[in-house]
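Student: predicted coordinates and the sequence they were generated for:
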Amino acid sequence: MVVTRHSTTRGSCPGRWIPGLLMVFLLMSLADLHAQRSPFDSVWISEAAQIREEVDCFTDRSFYLIEELIQFRTRVTHSGPTGPGPWSTVLYVELVSADGKRVAWGKFPIHKQVATGEIRIPANLLTGHYYLRSYTHWMRNWGPENFTYLSLRIINPHRSELYPLSSAETKKQLPPVRVDSDLTLELFTPGSSFERGDSVELEILVPGGQKADSIGGCFTLVPLGMAPSTTQYSEQVSRENFHLNFLPDRSGPSLSGTVQYLDGSTEGLSSVVIHFTLMGENAGYFVCRSDAMGKFSMGLPMQSGKLEIFVQPVGEDNEAVEVRIDQDFDPRHIQFPDSKFTLSDLEIKWAAIMARNVQLSGIYGRGDTLSRHDSLEHIFMFYGSPSFSVDLDQYVLLPTLREVFLNLVPSVTPTTRKGKTSLLIESENPSLSLYESLVMVDQVPVLDMEQFMSMSPVKIKQIDVVEDVYVRGDLRFGGVINLHSRDMDMAGIDLPEHSFFIDYMAMQLGHIPQVYSLRQDDQIPDMRNTFLWLPEHKLKKGSPTKISFIAPDYPGEYVILFRGFNDQGEPVLAESTFEVR
């Protein structure tokens, strides 16, 4: 059987290399923005506007029920003077209604231009048209019209209401990305009709005459009426609409924002040091400076789940400043034209089957489940192994921290000069004395030394000391002293003014797909709504690829789709249909 290969036509920018200082600043540590001309400076806008990113998104289906997973694969490409390596490593994906309201969202790692994942559909959605929109941090500089939108239909079988049509007068019709045919792939099956429960082997071959050596993409098998759309919506925004407000996530997710005076102004604002502490079991510490415009961007570790972050700005000479954190997901939205929600007789039939399968999955516990991994990366103490560590439980309780340091921590000496208390760390490194020590409780910096020294030792479990210079960007500290409180509550110390906690959504977990095999008996029904989903698959020229699957339980027509890109960046779509008797 010969299957048509399609290619997508869409606009693109030149990919030539244009040397410029913008790349130097973006590749530098963002902790050092203040010491250089800011990458947000208007002098770089013309060069930055040459850098474009595009997202192509494929899903397992186009038709879903509430509480199901929308499974997707995306390809993220860039053009312009980006230099070597990836430009963005984080993809932002949202499920939005036709009037632009965000109803579900997640962040997903991009590896070798590809991001895969899934988003759970909320149980309270009304039946209607929705869109899966995807973008990178950098794409936000071009506005939401530049994001990629994929149209989906979602049904809530428990409620009869439809999602209300928008009353807004201004609605946006984004241009579709069109598909046309030009090349071929070869696909072989043992037949065009199968019995329910049959084991089927599919073979795909990339003909030797193709220029590309390999093709990477995804396979999906669904009922013919549920086939995912091969059309997405996006607009190539002109350079005049480019605004340099966001830097790319080059090494994982980032936290960005602005520092300002309490009256909201930034005029005359000196560089501000901003301390960030990740709270909880995977605690960590990060620090950066704001640039001359009051802007900052801080890279975060590739963790998952929800993080609690303590933010503490320190102005020059302790001047009062406040931090405004950017929203990590773009708050702007597009109102799509209203479209009447209708179902054909075949779609109504499959909707009933899908609803039954969702209920049975809950009974038999065979549905997809979220991974139970706590994080994508285990975080240890930011300073690694300390030079010296003391467990206070091993010694007689002393009345004050001063006595604790004098008697139990030989390398740390409390001193008081002109009424100011400080902790000096003795080290073989003579440059240690050139910088102030970084003093912390539970990895949260403490600037008020009098308050620090007044803490009761009964609340402290352990003391770590790093007897070497700690460097973060251009910031240098004369060693690190970190106290571990017994209850991880910072030993009850008062938080400084204008500091605050934020909840931050980290990277999205993967899911554990259902492994469907031949059943030993027919008592357990087939509960799949997507009968095959392989989000990462490679086809190589001249080498047959074989895929096995179990034929569905329900009679009807089904479609197998392969969608992806070859190693020359050309999109590929291959499809074949078969019948289950």
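Tutor: Yep, it's here. As the structure is a computational prediction, the values presented were derived from the model and not from experiment. Numbering: from 1, shown residues only.
Student: spatially central residue in the chain, please.
Tutor: residue 107 (2.4 Å; C-alpha atoms, centre = their mean).
Student: so it: helix, strand or coil?
Tutor: strand (DSSP: H, G, I helix; E, B strand; the rest coil).
Student: residue contacts, it?
Tutor: Contact partners of residue 107, counting by C-beta atoms under 8 Å, 6 or more residues apart in numbering, are 90, 91, 92, 93, 253, 328, 505, 506, 507, 508. Just so you know, the C-beta spots here come from the backbone N, C-alpha and C atoms, and that holds for glycine as well.
Student: tell me the secondary structure for residue 74?
Tutor: Put simply, residue 74 is strand when judged by three-state DSSP.
Student: what sits against it?
Tutor: When contacts are counted by C-beta under 8 Å, 6+ apart, residue 74 touches 55, 56, 57, 58, 91, 93, 108, 114, 115, 116, 134, 148.
Student: okay, and which of those residues map to strands?
Tutor: Secondary structure from DSSP state E places 55, 56, 57, 58, 91, 93, 108, 114, 115, 116, 134, 148 of the contacts of residue 74 in strands.
Student: residue 568: how many residues sit nearby?
Tutor: Each residue near residue 568 was counted by other C-beta atoms under 10 Å, and the total is 11.
Student: and the strands in the stretch 151-300 of the chain?
Tutor: Per DSSP state E, counting those that start in this stretch, the stretch 151-300 of the chain carries strands over the ranges 178-188, 193-194, 199-205, 214-223, 254-261, 273-278, 284-289, 295-299.
Student: any chance of those strands in JSON lines with mean neighbour count and distance to residue 408 as columns?
Tutor: Formatted as JSON lines, the strands of the stretch 151-300 of the chain follow (neighbours: other C-beta atoms under 10 Å; distance: least, C-beta to C-beta, whole Å):
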{"stretch": "strand 178-188", "mean neighbour count": "14", "distance to residue 408": "71"}
{"stretch": "strand 193-194", "mean neighbour count": "16", "distance to residue 408": "75"}
{"stretch": "strand 199-205", "mean neighbour count": "16", "distance to residue 408": "68"}
{"stretch": "strand 214-223", "mean neighbour count": "23", "distance to residue 408": "58"}
{"stretch": "strand 254-261", "mean neighbour count": "20", "distance to residue 408": "37"}
{"stretch": "strand 273-278", "mean neighbour count": "22", "distance to residue 408": "25"}
{"stretch": "strand 284-289", "mean neighbour count": "22", "distance to residue 408": "24"}
{"stretch": "strand 295-299", "mean neighbour count": "22", "distance to residue 408": "35"}
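Student: looking at those strands, which is nearest to residue 537?
Tutor: strand 214-223 (5.8 Å; C-beta to C-beta).
Student: quick one: contacts for the closest residue to residue 146 other than its chain neighbours?
Tutor: Excluding the flanking residues, the one nearest residue 146 by C-beta to C-beta, 6 or more residues apart in numbering is residue 237, at 4.9 Å. Neighbouring residues of residue 237 by C-beta under 8 Å, 6+ apart: 142, 143, 145, 146.
Student: and what of residue 352?
Tutor: If a contact means C-beta under 8 Å, 6+ apart, then residue 352 has no contacts.
Student: assumed it was part of a helix.
Tutor: Yes: Residue 352: assigned to a helix according to three-state DSSP.
Student: how close does it sit to residue 225?
Tutor: From residue 352 across to residue 225, the span is 13 Å (C-beta to C-beta, to the nearest Å).
Student: likewise for residue 554?
Tutor: Taking C-beta to C-beta, one finds residue 554 at 12 Å from residue 225.
Student: neighbour-wise, which of these two wins?
Tutor: For the pair residue 554 and residue 225, the greater number of neighbours falls to residue 225 (20 against 17), based on other C-beta under 10 Å.
Student: let me see the domain layout of the protein.
Tutor: Using automatic domain parsing, the domain parsing of the chain gives 2-237+331-375+510-580, 247-329, 388-504.
Student: what's the weakest-modelled helix or strand in this structure?
Tutor: Using mean pLDDT, DSSP states H and E, strand 2-9 stands out as the lowest-scoring helix or strand of the chain, at a mean of 37.
Student: just the helices from the stretch 401-550 of the chain, written as ranges.
Tutor: Assigned by DSSP state H, counting those that start in this stretch, the helices in the stretch 401-550 of the chain fall at 401-408, 449-453.
Student: among those, show the one with the smallest mean pLDDT.
Tutor: Ranked by mean pLDDT, the helices of the stretch 401-550 of the chain end with helix 449-453 in last place, scoring a mean of 92.
Student: report the buried residues of that one.
Tutor: Neighbour-count burial for helix 449-453, with 16 or more other C-beta atoms under 10 Å as criterion, is recorded at 449, 452, 453.
Student: so the second one sits against residue 440, correct?
Tutor: No: between residue 452 and residue 440 there is no contact, the gap being 9.3 Å when judged by C-beta atoms under 8 Å.
Student: give the intersection of the neighbour lists for the two.
Tutor: Residues touching both residue 452 and residue 440 by C-beta under 8 Å, 6+ apart: residue 446.
Student: is the residue nearest to residue 286 when sequence neighbours are not counted bridged to anything, and to what?
Tutor: Spatial nearest neighbour of residue 286, chain neighbours left out: residue 276 (4.4 Å); criterion: C-beta to C-beta, 6+ apart. Counting by DSSP bridges, residue 276 forms beta bridges with residue 286, residue 311.
Student: try residue 116
Tutor: Residue 116 forms beta bridges with residue 73, as assigned by DSSP bridges.
Student: so where's the stretch 201-350 of the chain uncertain?
Tutor: Residues of the stretch 201-350 of the chain meeting the criterion pLDDT under 70: 207-212.
Student: er, the chain I mean
Tutor: 1-37, 167-171, 177-184, 207-212, 362-380, 509-524.
Student: could you measure from the residue in it sticking out farthest from the centre over to residue 570?
Tutor: Largest separation from the mean C-alpha position in the chain: residue 418, at 49.4 Å (C-alpha atoms, centre = their mean). For residue 418, the distance to residue 570 equals 71 Å [C-beta to C-beta].
Student: closest to residue 382 out of the domains of the chain?
Tutor: Checking the domains of the chain against residue 382 by C-beta to C-beta gives domain 247-329 as the closest, at 4.3 Å.
Student: buried among the ones in strands among the contacts of residue 74? Make that a ChimeraX selection.
Tutor: In ChimeraX, this line selects whichever of the ones in strands among the contacts of residue 74 come out buried by 16+ other C-beta under 10 Å:
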select :55,56,57,58,91,93,108,114,115,116,134,148
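Student: can I get the contacts of residue 74 in JSON lines with distance to residue 532?
Tutor: Converted to JSON lines, those look like this (distance: C-beta to C-beta, whole Å):
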{"residue": "55", "distance to residue 532": "24"}
{"residue": "56", "distance to residue 532": "21"}
{"residue": "57", "distance to residue 532": "19"}
{"residue": "58", "distance to residue 532": "14"}
{"residue": "91", "distance to residue 532": "23"}
{"residue": "93", "distance to residue 532": "22"}
{"residue": "108", "distance to residue 532": "21"}
{"residue": "114", "distance to residue 532": "19"}
{"residue": "115", "distance to residue 532": "20"}
{"residue": "116", "distance to residue 532": "15"}
{"residue": "134", "distance to residue 532": "23"}
{"residue": "148", "distance to residue 532": "24"}
